[in-house]
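Student: kindly return the folded structure for what I paste below:
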Amino acid sequence: MTEFIPPGTRWVDLPSPFPMKRGGTLHDARVAYETWGTLDASAGNALLILTGLSPDAHAASRDDDPTPGWWEAMVGPGKPIDTDRWFVVSVNPIGSCKGSTGPASVNPATGELYRLSFPDVSIEDVADGAAHVVRRLGIERLACVVGNSMGGMTALALLHRHPGISRAHVNISGSARALPFSIAVRSLQREAIRLDPNWNEGRYDEATYPESGMRIARKLGVITYRSALEWDGRFGRVRLESDRPDEEPFGLEFQVESYLEGHARRFVRRYDPNSYLYLSRSMDWFDLAEYAGGDVLAALAQVRVERALAIGARTDILFPVEQQEEIAEGLARGGADARFLGLDSPQGHDAFLVDMDRFGPAVRGFLDGL
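Tutor: Numbers count the residues shown, from 1 in each chain. Presented below is the predicted three-dimensional model:
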């Protein structure tokens, strides 16, 4: 498979060997990142962004890559994460196919792609890779770490495993542990990929690619990223051409089906299936409570930050807003000035990407107070 690396990507080499939480090591591995803004003389204005499963490090456009980033409305001069003030670092997770070492990378020991020989990836491994980038950039302490979705999990692992690495934290639509519903959905996504004959135990190529499995996996994901309220408002029961010939039994009939199909087809050849499997499973495994005898609030209380904001959409079914409320409560128990903000966005889990009228002011207001 081909890796998908934005033009502005930079890399930090990880220590070799790099130990993984669940066993195994990486050799000659690297983590991809991008930066915006200028680091001040004291290196005190650094802000780290930790991403969800599928984004690359290209959160916003840059001079060397003017392509709009996945968080273009949030990051940039004068925007909620203001690059005129902050030196912003965005890191691509270990295990991805978008610059950081993952299953689609070449194993230096064999000269072949890792595929399923890649070690098990945990959220903690992703956090350790991000911490190494921060240190290599000469940053002893971040002003703030911002994590959304899977990145919210990574941020909590980072803060827990690297005490003092950040003064503040913004957790957006994240969680301290995976819940049964989200585990079940991701399990079905992985099953769809694995049951595609072209997956072939991870041994596919461009000519024999598990496209059907990836399409179904992506559709399942997109359904959970938005809310039933938005699906109804955007599509209702509007059908495709009602007089079209029935070319395919049980084929696409409603506009919402056509939308999902188009969205999935745009994604499937832009993300490595094995990377999807590895990072999806890393979220299911994550449970901060394992560090405090099964008590998630006690584990969160072990995190030391001065200030924190946990925000989410009340319509989010994948990372329910109660999980962000739990994060704020646990961090407050540890002495942080932590608050929770549940937003009445109709757009579900993806609201932080699209509902800037609500999420933008919340992030800006918190950062302005730092």
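Student: and what about the spatially most central residue of the chain, helix, strand or coil?
Tutor: Centroid-nearest residue in the chain: Gly52, 0.7 Å away (criterion: Cα atoms, centre = their mean). Secondary structure, DSSP: H, G, I helix; E, B strand; the rest coil: Gly52 is coil.
Student: show me what contacts it?
Tutor: Asn148, Ser149, Met150, Gly151 (Cβ atoms under 8 Å, 6 or more residues apart in numbering). All C-beta atoms are positioned from the backbone trio N, CA, C, and that covers glycine.
Student: my read: the third one touches Tyr278, true?
Tutor: Okay, so that is Met150. No - applying Cβ atoms under 8 Å as the test, Met150 and Tyr278 come out as separate, 12.0 Å apart.
Student: can you give me the strands for the chain?
Tutor: Here the chain has its strands, by DSSP state E, at 10-13, 18-19, 25-26, 30-36, 46-50, 75-76, 81-82, 87-91, 142-148, 166-172, 307-313, 337-343.
Student: what are the ranges of the helices in this structure?
Tutor: Counting by DSSP state H, the chain has helices at residues 123-136, 150-161, 180-194, 211-225, 228-235, 255-268, 273-285, 296-301, 321-333, 351-354, 356-368.
Student: ranking these by burial, who's on top?
Tutor: helix 150-161 (a mean of 27; mean count of other Cβ atoms under 10 Å).
Student: who does the helix or strand of the chain with the lowest mean pLDDT touch, helix- and strand-wise?
Tutor: Using mean pLDDT, DSSP states H and E, the weakest-scoring helix or strand in the chain turns out to be helix 228-235, at a mean of 82. Here helix 228-235 is seen to pack against helix 255-268 when contacts are counted using 3 or more Cβ pairs under 8 Å, 6 or more residues apart in numbering; DSSP states H and E.
Student: got the angle for the helix it packs on vs helix 211-225?
Tutor: Here helix 255-268 points in a direction 120 degrees away from that of helix 211-225 (axes from the mean of the first three to the mean of the last three Cα atoms, to 10 degrees).
Student: give me the mean pLDDT for helix 255-268.
Tutor: Mean pLDDT, helix 255-268: 86.
Student: then stretch 191-204?
Tutor: Average pLDDT, stretch 191-204: 98.
Student: same question, stretch 299-313
Tutor: 98.
Student: just stretch 357-367 next, same as before
Tutor: Rounded mean pLDDT across stretch 357-367 is 98.
Student: is it correct that Gln255 is in contact with Asp232?
Tutor: No - Gln255 is beyond contact range of Asp232, at 11.9 Å (criterion: Cβ under 8 Å).
Student: so who does Trp36 touch?
Tutor: Trp36 neighbours (Cβ under 8 Å, 6+ apart): Ala59, Ala60, Arg62, Val75, Gly76, Thr83, Phe87, Val88.
Student: and for Ala338?
Tutor: Ala338 neighbours (Cβ under 8 Å, 6+ apart): Val305, Arg307, Ala308, Leu309, Ala310, Ile327, Ala328, Glu329, Leu331, Ala332.
Student: got a pLDDT number for Ser166?
Tutor: 98.
Student: can you report how many residues lie near the residue nearest to it when sequence neighbours are not counted?
Tutor: For Ser166, the nearest residue in space outside its immediate sequence neighbours is Leu142; the separation is 3.9 Å by Cβ to Cβ, 6 or more residues apart in numbering. By the measure other Cβ atoms under 10 Å, the count of residues near Leu142 is 27.
Student: give me the angle between the least confident helix or strand of the chain and helix 211-225.
Tutor: Angle between the axes of helix 228-235 and helix 211-225 is 110 degrees (criterion: the same axes, to 10 degrees).
Student: what sits up against helix 228-235?
Tutor: By Cβ under 8 Å, 6+ apart, helix 228-235 touches Ile223, Phe254, Gln255, Val256, Tyr259, Thr315, Pro346, Gln347, Gly348.
Student: show me where this protein dips below the pLDDT cut-off.
Tutor: Applying pLDDT under 70 to the chain flags the ranges 1-2, 242-247.
Student: switch the cut-off to 80
Tutor: The model of the chain has pLDDT under 80 over residues 1-3, 231, 241-248.
Student: export the contacts of Trp36 to CSV and tack on distance to Arg339 and neighbour count?
Tutor: Formatted as CSV, the contacts of Trp36 follow (distance: Cβ to Cβ, whole Å; neighbours: other Cβ atoms under 10 Å):
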residue, distance to Arg339, neighbour count
Ala59, 24, 24
Ala60, 26, 25
Arg62, 32, 18
Val75, 22, 25
Gly76, 26, 21
Thr83, 25, 19
Phe87, 25, 21
Val88, 23, 23
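Student: enumerate every residue touching Gln347.
Tutor: By Cβ under 8 Å, 6+ apart, the residues touching Gln347 are Arg226, Ser227, Glu230, Ala313, Thr315, Val354, Asp355.
Student: quick one: contacts for the first one?
Tutor: For Arg226, the contacting residues are Gln347, Gly348, His349, Asp350, by Cβ under 8 Å, 6+ apart.
Student: which one among the residues you listed gets closest to Gly365?
Tutor: Taking Cβ to Cβ as the measure, Gly365 lies nearest Gln347 of those, at 20.1 Å.
Student: hang on, the earlier thing: farthest-separated two in the contacts of Ala338?
Tutor: Arg307 and Glu329 (14.9 Å).
Student: returning to that earlier point: quick one: which of the helices of the chain is nearest Ala109?
Tutor: With Cβ to Cβ as the measure, helix 273-285 is the member of the helices of the chain nearest Ala109 (17.6 Å).
Student: re the thing from before, now render the helices of the chain as a markdown table, adding distance to Leu39.
Tutor: Shown next, in a markdown table, are the helices of the chain (distance: least, Cβ to Cβ, whole Å):
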| stretch | distance to Leu39 |
| --- | --- |
| helix 123-136 | 11 |
| helix 150-161 | 19 |
| helix 180-194 | 36 |
| helix 211-225 | 34 |
| helix 228-235 | 39 |
| helix 255-268 | 34 |
| helix 273-285 | 29 |
| helix 296-301 | 30 |
| helix 321-333 | 27 |
| helix 351-354 | 26 |
| helix 356-368 | 16 |
